[in-house]
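In: Give me a model of this one.
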Amino acid sequence: MDETLAEFIKRTIMKIPMTEMMPILKAWDFLSEKQLQTVNFRQRKEYLVQDLVLLCEEKRASIHDAALLDIIYTQFHRHQKLWDVFQMSKEPGEDIDLFDMEQFKSSFVKILQRALKNVMTPYAFTSSCLLKSNMPLLGQALTVASNHHKIVKMDLRSRYLDSLKAIVFKQYNRNFETHNSTVPLQDRTLELDIHMDSRIIHENRIEKERVQRVTQETFGDYPQPRLEFAQYKLETKFKSDLNGDILAERKEPLRCLIKFSSPHLLEALKALAPAGIADAPLSPLLTCIPNKGMNYFKIRDK
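Out: Predicted structure coming up:
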């Protein structure tokens, strides 16, 4: 194992919190249980890392082994990264067929290795380098190995991979429809706990029921996929009835950026109308996010 590879493994292990050290090393499954038992995990971290790197050298760790450790670390800390979604497609008229996953993995690795051999150092196989520097090569390997025509970046990003998967494959809708397929929405008992007493007037109760019904029709009664933001870029021509208005005469459109942020944006939007903060129904620009599979929008004049 050369110095560069040893340094990469060292830096990767240094990033691992001590509380996660053993779970990640076991998930890596490169060092045996017997080897790990020879290491003092109570010593200072820099000395621990040195001992682990020495074991890796003795076992002659390869580029593949180092890359796998980096990927496992990324999986443990996947919520610390912002993930992009890409869509693969075939030529018009081609059938979308299922492929063998093991064959796909083997083909993907071979194609990627050939593509990277002449343009990058061997350490391009780490997840961070692939994502930051070699996305075109990664996309090429994915499309060829899966027999697709092209790969396109979608306007959808999040730190939560499970939520991205739910949005892309419409899994939340499927669960909702199966659960309620035999009961019309308007006939179900409202799930909002409406606290009432004799002083609440009839009209207020009816309005609360309407808001809850509209909210349930819009968002469903299932947990929302987790997104942290939605971003809207607006381009519009300034309109004015006044002659000689400078803004109305400019050829370039006015541009502005609006961003909604929340630890759980869709659940926050779902709660706005029942909380009396917004009118029901909400704007389709806010409620269409999961159906369109987007949280980046560009709005232009028609």
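In: low-scoring stretches of the stretch 201-302 of the chain, by residue?
Out: 201-202, 240-248 (pLDDT under 70).
In: Can you give me the domain boundaries for the protein?
Out: Using automatic domain parsing, the domain ranges for the chain come out as 3-80, 83-159, 163-300.
In: For the ones you listed, give me TSV that also has mean neighbour count.
Out: For the C-beta atoms, the positions are set from N, CA and C on the backbone; glycine is no exception. Formatted as TSV, the domains of the chain follow (neighbours: other C-beta atoms under 10 Å):
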stretch	mean neighbour count
domain 3-80	15
domain 83-159	14
domain 163-300	14
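In: what's next to the particular helix or strand that has Leu269 in it, contact-wise?
Out: Per DSSP states H and E, Leu269 falls inside helix 265-272. With contacts defined as C-beta atoms under 8 Å, 6 or more residues apart in numbering, helix 265-272 is touched by 215, 218-219, 223-230, 260, 262, 278, 282, 286-287, 289-290, 295.
In: Inside strands: which ones of these?
Out: Among those, the members falling in strands (DSSP state E) are 229-230, 260.
In: Go through these and say which is closest to Arg210.
Out: Using C-beta to C-beta, Phe260 is the member of those that lies nearest Arg210, at 24.5 Å.
In: Quickly list what the closest one is bridged to.
Out: Beta-bridge pairing for Phe260 (DSSP bridges): Ala230.
In: Please tell me I have it right and it contacts Phe229.
Out: Yes. Between Phe260 and Phe229 there is a contact at 6.3 Å, judged by C-beta atoms under 8 Å.
In: Can you tell me the element Arg157 falls in?
Out: strand 150-158.
In: Which strands or helices does that strand pack on?
Out: strand 83-89, helix 135-145, helix 161-168, strand 296-300 (3 or more C-beta pairs under 8 Å, 6 or more residues apart in numbering; DSSP states H and E).
In: Ala61 is nearest to which of the ones you listed?
Out: That would be helix 135-145 among those, by C-beta to C-beta, at 23.2 Å.
In: what about the strand holding Arg157, distance to the chain center?
Out: Taking C-alpha atoms, centre = their mean, to the nearest Å, one finds strand 150-158 lying 10 Å from the centre of the chain it belongs to.
In: who touches it?
Out: Strand 150-158 is contacted from outside by 82-89, 139, 142-143, 164, 167-168, 225-228, 293-297, using C-beta under 8 Å, 6+ apart.
In: tell me the angle of that strand relative to strand 83-89?
Out: Orientation note: strand 150-158 sits at an angle of 150 degrees relative to strand 83-89 (axes from the mean of the first three to the mean of the last three C-alpha atoms, to 10 degrees).
In: Direction included, what does strand 150-158 pair against?
Out: When pairing is defined by DSSP bridges, strand 150-158 lines up against strand 83-89 (antiparallel).
In: Name the helix or strand for Tyr172, please.
Out: Using DSSP H and E, Tyr172 falls in helix 171-180.
In: any chance of the helices and strands packed on strand 150-158 in CSV, with distance to Asp51 too?
Out: Shown next, in CSV, are those (distance: least, C-beta to C-beta, whole Å):
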stretch, distance to Asp51
strand 83-89, 34
helix 135-145, 34
helix 161-168, 33
strand 296-300, 46
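In: Where among these is average confidence lowest?
Out: Lowest mean pLDDT within the helices and strands packed on strand 150-158: helix 135-145, a mean of 79.
In: Just the angle for that helix relative to strand 83-89, thanks.
Out: Using the same axes, to 10 degrees: helix 135-145 against strand 83-89 is 40 degrees.
In: Could you list every helix and strand in contact with helix 135-145?
Out: Partner elements for helix 135-145 (3+ C-beta pairs under 8 Å, 6+ apart): strand 83-89, helix 101-117, helix 127-133, strand 150-158.
In: Averaging pLDDT over each of the ones you listed, report the lowest-scoring one.
Out: helix 127-133 (a mean of 46).
In: Please report how far His148 lies from Phe104.
Out: 11 Å (C-beta to C-beta, to the nearest Å).
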